[in-house]
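Student: Predicted model, plus sequence, below.
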Amino acid sequence: MDKKVVIMPCSGIGKALGEVARQATYEVAEELRPEDVATACLARLMIDDPDTQALVKENLVITIDGCTADCARHNVESSGKQVDSALRVIDTLKAHRDLKPQGVLELGEPGLKLVHVLAERLAEEVDCLKRKE
Amino acid sequence: MVSLTPKVGIIPCNGEGICEGSLTRFACRKVLDKLRPDKTVTICLPLFIAGGKEERGFAKNFPTITVDGCDKRCAQISTEKLSGKPRCSIVVSDLLQQHGIEPPKSRRKLTEEDQAAIDVVAEEIAKNVDEILKNG
């Protein structure tokens, strides 16, 4: 059976880039690559939730972190799964400095454009992992 | 001598997989930004779990409220494991049921109708912040 690509965003609540990661994940999972992509609650790995652990262990995983603290990647890897790809929102923002989000959860027009750019980048990464599989 | 104003740490689960997880974010931000901005701070759960020293130190030394989307209680259990028992633990799915309010239908975008749910959860958090600070 084909493996899914599980995208795990950090969803940091203190900064807008966590929300950008989260919204981009939903755009890929629900619109751009719905057949190939799933997501799950990152915090469930901490409580050793068996369904979430199985999902990340049996599939390909991309983490998307808001900042350089790389919390999503660390949390997935501490569950025993080596991630297949790790991206950071800050890298996409550096390449599109005019797309700075306006609020933490209310991203505004520039932030929503950043979400879309990041979602396209994630979709490319999904395709790349699927080709290698 | 430095006087520290006591604050309450709010820890939402942020559950990406469920609509109630999105609700925890909006309700917590409402408390932090509008209802009790001088009395609360947020603790970023992914950073807390990943080993954030400031987050863990705060949760050990100050009262916390965990806000979970579902009864798996990831934020509550993680806080108990890493720092200590939260002073209050809210489960959004239970709270909405008590109030007869439908949970949001989308993880991605909360609608005008979901505002009632955000308000109920935010008011519950704010009420508990006040009680914790009053009782010390």
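Tutor: Structure's in. What do you need?
Student: can you list the residues of chain B near chain A?
Tutor: When proximity is defined as Cβ under 8 Å from any Cβ of the partner chain, chain B approaches chain A at B:12-18, B:21, B:25-26, B:28-29, B:42, B:44-47, B:49-52, B:72-75, B:77-78, B:81, B:107-108. C-beta: built from backbone N, CA, C; applies to glycine.
Student: Narrow those residues to those in helices?
Tutor: B:21, B:25-26, B:28-29, B:45-47, B:49-50, B:74-75, B:77-78, B:81 (DSSP state H).
Student: Let me see the ranges of the helices in chain A.
Tutor: A:16-27, A:50-58, A:71-77, A:89-95, A:108-132.
Student: isn't B:Thr42 right up against B:Ala27?
Tutor: No. The pair B:Thr42 and B:Ala27 does not pass the contact test of Cβ atoms under 8 Å, sitting 11.6 Å apart.
Student: which residues do the two both contact?
Tutor: B:Pro12 (Cβ atoms under 8 Å, 6 or more residues apart in numbering or on different chains).
Student: Looking at these two, which one has more neighbours?
Tutor: Neighbour totals were compared for B:Thr42 and B:Ala27, and B:Ala27 leads with 28 against 20 (other Cβ atoms under 10 Å in any protein chain shown).
Student: What pLDDT is listed against the more buried one?
Tutor: Per-residue confidence (pLDDT) for B:Ala27: 97.
Student: wait, what's in contact with the nearest residue to it once chain neighbours are set aside?
Tutor: Closest residue to B:Ala27 in three dimensions, ignoring its sequence neighbours and counting by Cβ to Cβ, 6 or more residues apart in numbering or on different chains: B:Val121, at 3.6 Å. Contacts for B:Val121 (Cβ under 8 Å, 6+ apart) come out as B:Leu23, B:Thr24, B:Ala27, B:Val67, B:Ile90, B:Val92, B:Leu95, B:Leu96.
Student: give me the element B:Val121 is part of.
Tutor: Element membership of B:Val121, judged by DSSP states H and E, is helix B:115-135.
Student: Enumerate every residue touching the residue lying closest to B:Ser78 once chain neighbours are set aside.
Tutor: Leaving out its chain neighbours, the residue that sits closest to B:Ser78 by Cβ to Cβ, 6+ apart is A:Met46, at 4.7 Å. For A:Met46, the contact set (Cβ under 8 Å, 6+ apart) comprises A:Asn75, B:Ile49, B:Cys74, B:Ile77, B:Ser78, B:Lys81.
Student: Spatially, what comes nearest to the second one if we skip its sequence neighbours?
Tutor: By that I understand B:Ile49. A:Met46 is the one closest to B:Ile49 (Cβ to Cβ, 6+ apart), at 5.0 Å.
Student: Quick check: pLDDT value at the residue nearest to B:Ala27.
Tutor: So, for B:Val121, pLDDT stands at 98.
Student: Can you lay out the contacts of B:Val121 as TSV showing secondary structure?
Tutor: Listed next are these as TSV, based on DSSP: H, G, I helix; E, B strand; the rest coil:
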residue	secondary structure
B:Leu23	helix
B:Thr24	helix
B:Ala27	helix
B:Val67	strand
B:Ile90	strand
B:Val92	helix
B:Leu95	helix
B:Leu96	helix
